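Participant: Provided below are the primary sequence and the corresponding predicted coordinates.
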Amino acid sequence: MSPELLLVAVAAVPIAALCRRYGLSAPLVLVTVGLAVGWIPGVPEVMLEPDLVLFLILPPLLYSAAQDSSYQAIRANRRAIGLLAVGLPLFTTLVVGLVAYWTVPNLPLAAAMVLGAVVAPPDAVSAQAIGRRLGLPRRIMTLLGGESLLNDATALTAFRIAVAAVGATASLAEGLAMFALAAVGGVVIGLVIGFAVSWLRTWLDDPPMETAIGIMVSFATYFAAEEAHASGVIAVVTAGLFLGSRSVRAGYATRLQDEAVRKSIDAILEAFVFLLIGLQMPFLIEGLSGESWVQVSIDAAAVLAATILIRFVWVYPATYLPRLFSAKIRAREGIPPPGWVFVVAWSGMRGVVSLAAAFAIPLTVEQTGEDFPGRPEILFLTFVVVIGTLLIQGTTLPWVIRRLGVSTDDESADRLAYAAAQDRASREAEQVLDGYAADIGDDDPRRLQVMMLRKWVTTQRNSAWEELGRGPETIGESPTAAGARMRLDVLKVQRSVFIDEHAAGRIGDEVLRMALRQLDFAEAQVDREA
């Protein structure tokens with residue numbers, strides 16, 4: 001990584017941290033800051049390298065999203081997700097390509113289709129972040145998450161076919177074969193690597209190394225799939241879904257470490273890429289020297305409008321027509337409110353994958369050696385689409401969600417389901433404790449441990465049922481909440497004593513670290529229960 005890129009990463013993280021602290025949209029702020037900084041005289045030019053994005057940034061973000069996704073939810077919504085993740089990118093490629101062909105002077109049809117493929121995949125990072133904050137229904141979040149996992153693979157495969165078509169080296173049949181190989185090969189490679197990594201991590205039983213291997217899985221999977229001419233995106237997503245479903249068999253330390261490390265890496269990479277996007281403007285403007293800015297503005301407006309509107313043209317029919325003609329689909333999936341459909345259609349912000357694909361367009365056509373037709377225009381139009389959708393849709397999406405009243409009681413349903421499951425778990429645990437108590441005499445010191453465990457199990461059950469559907473502002477502090485508060489006070493005092501003992505020289509660094517580790521785990525348990 002060059003010093004300039006390292007400086008971008010260092011600057012991006014504190015900006016993102018401030019955004020999170022004050023409830024601002026980090027992607028929008030970072031892009032805006034990048035746009036402003038890029039025009040400051042003397043600031044070094046930082047060019048987005050496609051290999052950096054496609055091989056070092058995209059894989060871990062996809063892998064993390066796949067690990068956090070629900071395979072059951074994706075499977076239950078596979079029809080809708082397939083329409084969004086496969087049908088919509090291909091439809092967008094075709095329509096945006098035709099619009100660009102009709103509006104951009106001297107742009108061949110094949111090159112216009114390259115532009116269509118480049119801007120086809122939405123980046124759902126911003127939409128999902130906003131949706132989580134505002135409590136979007138889980139079905140919408142599942143659709144957006146499932147779409148973001150798979151649409152990159154569809155669009156990047158279409159991109160490869162379109163680039164090959166510029167040199168007239170790919171027929172339609174060859175393109176379809178390439179698409180099938182990419183999809184099937186990606187799934188197979190992802191499953192093979194996922195199974196191998198799952199076995200290796202179980203065999204090691206070493207949390208630090210298991211987490212280290214988990215970090216490298218996304219890179220190795222993406223590279224292996226791309227080397228086999230399969231879809232690296234599909235391979236990473238498949239491996240992530242598989243390993244995510246197997247994570248329940250891992251030890252607690254591995255799960256805690258994995259989640260903490262992944263979230264930290266995600267925060268750094270997302271901040272880095274959005275700031276990097278904003279810094280590309282000066283470079284892209286230089287590529288258009290000599291062009292008529294009136295014509296460029298018309299081209300940009302047409303492509304941006306087509307990119308936004310085509311999602312509505314696809315989403316509404318894809319939502320309602322299958323339900324109109326199939327009673328089975330109506331019965332199984334229900335009919336979503338129009339407000340829900342509008343939110344999905346409006347959540348089409350583009351991101352770094354589009355820019356990375358644009359910068360990956362070769363400078364020359366391999367077969368002829370001539371300059372790739374319209375490459376500067378494609379780069380600039382892609383940038384306009386990315387920035388335009390982030391600023392137009394990203395800034396208004398929270399208002400749209402509130403205005404349409406798109407909300408749900410998923411959280412209440414989750415609490416009820418958790419309480420019922422916790423009740424069953426507690427009762428079975430009490431049966432185990434009854435068995436221990438039957439074998440221990442009244443004078444046995446171990447009987448005190450059984451009593452303490454029984455109280456702990458009872459507390460777990462009570463905390464799940466307390467305040468169900470009602471908050472502390474209604475019923476006041478619950479007994480469990482009061483207990484958690486008192487336990488935290490006790491832990492705080494104990495931590496302070498150990499720190500004072502270390503400062504006085506009565507215990508060493510190793511003893512302090514061991515004590516703090518035990519207290520940290522105890523505090524994490526209290527926080528989890530609370």
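Facilitator: The structure has been received and is ready for your questions. Here the structure is a predicted model, which is why all the values come from computation and not from measurement.
Participant: Quick one: neighbours of Gly508, just the number.
Facilitator: 11 (other C-beta atoms under 10 Å). C-beta here means a position set from N, CA and C on the backbone, and glycine is covered the same way.
Participant: what's the burial count for the closest residue to it other than its chain neighbours?
Facilitator: Counting by C-beta to C-beta, 6 or more residues apart in numbering, the nearest residue to Gly508 once its immediate chain neighbours are dropped is His502, at 7.6 Å. Using other C-beta under 10 Å, His502 is surrounded by 17 other residues.
Participant: how far is the helix or strand where His502 lies from where the chain is centred?
Facilitator: When elements are assigned from DSSP states H and E, His502 belongs to helix 479-503. Centroid displacement of helix 479-503 relative to its chain, using C-alpha atoms, centre = their mean, to the nearest Å, is 36 Å.
Participant: What are the buried residues along it?
Facilitator: Thr480, Ala481, Gly483, Ala484, Arg487, Leu491, Arg495, Phe498, His502 (16 or more other C-beta atoms under 10 Å).
Participant: where in the stretch 351-500 of the chain is pLDDT low?
Facilitator: Within the stretch 351-500 of the chain, the stretches with pLDDT under 70 are 366-369, 408-415, 418, 464-480.
Participant: Okay, helices next: where are they in it?
Facilitator: 352-359, 375-389, 395-404, 410-438, 446-465, 472-475, 479-503 (DSSP state H, counting those that start in this stretch).
Participant: Let me know the pLDDT of the closest residue to Phe179 other than its chain neighbours.
Facilitator: Nearest non-adjacent residue to Phe179, counting by C-beta to C-beta, 6+ apart: Thr157, 5.2 Å away. On the pLDDT scale, Thr157 is placed at 81.
Participant: How is Thr157 assigned, secondary-structure-wise?
Facilitator: helix (DSSP: H, G, I helix; E, B strand; the rest coil).
Participant: so who does it touch?
Facilitator: Neighbour list for Thr157: Met178, Phe179, Ala182, Ala183, Ser231 [criterion: C-beta atoms under 8 Å, 6 or more residues apart in numbering].
Participant: Just list what the helix holding His502 packs against, helices and strands only.
Facilitator: Under the contact definition 3 or more C-beta pairs under 8 Å, 6 or more residues apart in numbering; DSSP states H and E, helix 479-503 sits against helix 446-465, helix 509-529.
Participant: could you give the angle of that helix to helix 509-529?
Facilitator: 170 degrees (axes from the mean of the first three to the mean of the last three C-alpha atoms, to 10 degrees).
Participant: Run the angle between helix 479-503 and helix 446-465 for me.
Facilitator: 120 degrees.
Participant: number of nearby residues for Val511?
Facilitator: 13.
Participant: Sorry, slip of the keys, the one I care about is Val353.
Facilitator: For Val353, using other C-beta under 10 Å, the count is 29.
Participant: one step back: could the contacts of Thr157 be laid out in CSV, adding neighbour count and pLDDT?
Facilitator: Converted to CSV, those look like this (neighbours: other C-beta atoms under 10 Å; pLDDT from 0 to 100):
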residue, neighbour count, pLDDT
Met178, 17, 74
Phe179, 19, 75
Ala182, 26, 81
Ala183, 18, 82
Ser231, 30, 84
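Participant: For Arg332, state which of these is nearest.
Facilitator: For the contacts of Thr157, the minimum distance to Arg332 (C-beta to C-beta) is 25.4 Å, reached by Ala183.
Participant: pretty sure the closest one is touching Gly232, no?
Facilitator: No - at 11.9 Å, Ala183 does not count as touching Gly232 under the criterion of C-beta atoms under 8 Å.
Participant: Give me the contacts around the helix or strand that contains Ala239.
Facilitator: Using DSSP H and E, Ala239 sits within helix 232-246. Applying C-beta under 8 Å, 6+ apart, the contact partners of helix 232-246 are 54, 58-59, 62-69, 71, 74, 149-150, 152-153, 156, 182-183, 185-187, 189-191, 193-195, 197-198, 214, 217-218, 221-226.
Participant: among these, which are in helices?
Facilitator: 58-59, 62-68, 71, 74, 149-150, 152-153, 156, 182-183, 185-187, 189-191, 193-195, 197-198, 214, 217-218, 221-226 (DSSP state H).
Participant: Can you tell me which of those residues are buried?
Facilitator: Listed as buried from those are 58-59, 62-67, 74, 149-150, 152-153, 156, 182-183, 185-187, 189-190, 193-194, 197-198, 214, 217-218, 221-222, 224-226; burial here means 16+ other C-beta under 10 Å.
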